[in-house]
Each structure stands twice: as structure tokens, then as C-alpha cells.
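Chemist: Sequence and computational prediction follow.
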Amino acid sequence: MIRNREKEIGNNIRKIREKSGMTQEMLSAKLQLAGCDITRSAIAKIEVGQRHLYPDEIILIKEILNTDFDTIFYGTK
């Protein structure tokens, strides 16, 4: 069940990122500039639910993608 939830959250992040016109590389670079050491391959793993997200990473992703927690956790309606 947790793995499915991670896949859903990762998929939501991918959708938000793509909608904002940002590549995985661009998101990774912005996260690194903000002090979060995440590579493009880590972003790819997050988006398919193969890597856990830490709270500080979720907060930075939310800020960089200019979205809210509900959209990250539950998607768009």
C-alpha cells in the first residue's frame, strides 16, 4: 500500500512538473541550487515510486513547482 501511494505521489509530481514545462534536469538543478542534493535520476525514480521522498524535499518541490501539498499528494481534480 505504501509503494502504491509513493507511485501516486511521484506520478502527481511528474504531471505538475510537465505542466509547468520543466524537465527532470531543470527540477534537479533548481533543487540543488536550493541546497537539496537530488540528481535527475533520483527525480526519475521519485516519479515512478522507486525512491522515497523526505519532508524537506517535498517542501522544496512544492515551492519550485509553485503548487500545493494537496495537488502533490492527491493530484488535480
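Modeler: Yep, that arrived.
Chemist: what's the burial count for Arg5?
Modeler: Other residues within reach of Arg5, judged by other CB atoms under 10 Å, total 11. In this view, the C-beta of every residue, glycine as well, is placed from N, C-alpha and C.
Chemist: tell me which element it falls in.
Modeler: Element membership for Arg5 (DSSP states H and E) is helix 2-19.
Chemist: packing partners for the helix or strand that that helix is followed by?
Modeler: Next helix or strand after helix 2-19 toward the C-terminus (DSSP H and E): helix 24-33. Judged by 3 or more CB pairs under 8 Å, 6 or more residues apart in numbering; DSSP states H and E, helix 24-33 is in contact with helix 40-47, helix 55-64.
Chemist: in the protein, which residue is closest to the centre?
Modeler: Taking CA atoms, centre = their mean, the centroid of the chain lies closest to Ile13, which sits 4.2 Å from it.
Chemist: From what I see, that one and Ile46 are in contact.
Modeler: Yes: between Ile13 and Ile46 there is a contact under CB atoms under 8 Å: 6.5 Å.
Chemist: still on that earlier bit, pick the most buried one from the helices and strands packed on helix 24-33.
Modeler: helix 40-47 (a mean of 17; mean count of other CB atoms under 10 Å).
Chemist: Output the contacting helices and strands for that helix.
Modeler: Checked by 3+ CB pairs under 8 Å, 6+ apart, helix 40-47 has helix 2-19, helix 24-33 packed alongside it.
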